[in-house]
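*Asks:* Pasting the sequence and the predicted model now:
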Amino acid sequence: MANGQVVTNAGRAIVSNLVSGLGGTVPKWLGWGTGTTTPVAADTALQTPSAEARTVGVPTRTTTTVANDTVTITGTITSASTQAITELGVFDALVAGNLFAHAVFSALNLVPGDGLLFVFNWVIG
């Protein structure tokens, strides 16, 4: 990601809830937008969400350095309009919910019907 990605403060709380067994929902819903501000840990939403509904991603564990040290969430979003997508959010709910991670990147110009396959990786370490 050219401009950065961050696990948010709410994302850290999600992880501690899941690891401790105290509850929580796996963050696997992907949403996109057109915001360009560099993500920070205090973010609670996308800067400029697009109109498309979030899509459910498929979470898996992959290996970066040691076995299963990376959470990978993969999903495709399809554009309903002509737009330049520049941000991705990973959420713990289809609607509302908490922003687990936020990323911005160089513009990807889309027309209606174009889809983007996102592969979000979070290396735990």
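*Replies:* Yes, it's here.

*Asks:* Only C-alpha atoms from now on, for both contacts and neighbour counts.
*Replies:* Will do.

*Asks:* Neighbouring strands - and their directions - for the helix or strand bottoming out on mean pLDDT in the chain?
*Replies:* Lowest mean confidence among the helices and strands of the chain (mean pLDDT, DSSP states H and E): strand 4-7, at a mean of 92. Paired strands of strand 4-7, with direction, are strand 99-110 (antiparallel) (DSSP bridges).

*Asks:* circling back to that earlier point, mind listing residues that contact the least confident helix or strand of the chain?
*Replies:* Contact partners of strand 4-7, identified using C-alpha atoms under 8 Å, 6 or more residues apart in numbering, comprise 38-41, 100-105.

*Asks:* export the residues you listed to a markdown table and tack on neighbour count, pLDDT and distance to P112?
*Replies:* Putting these into a markdown table (neighbours: other C-alpha atoms under 10 Å; pLDDT from 0 to 100; distance: C-alpha to C-alpha, whole Å) gives the following:
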| residue | neighbour count | pLDDT | distance to P112 |
| --- | --- | --- | --- |
| T38 | 17 | 95 | 27 |
| P39 | 21 | 97 | 27 |
| V40 | 16 | 97 | 30 |
| A41 | 17 | 97 | 32 |
| F100 | 27 | 98 | 28 |
| A101 | 29 | 97 | 26 |
| H102 | 27 | 97 | 24 |
| A103 | 25 | 96 | 23 |
| V104 | 26 | 96 | 21 |
| F105 | 19 | 96 | 20 |
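
*Asks:* N17: which of those is nearest?
*Replies:* Closest to N17 out of those is F100 (12.5 Å), distances taken as C-alpha to C-alpha.

*Asks:* separation between that closest one and L108?
*Replies:* 22 Å (C-alpha to C-alpha, to the nearest Å).
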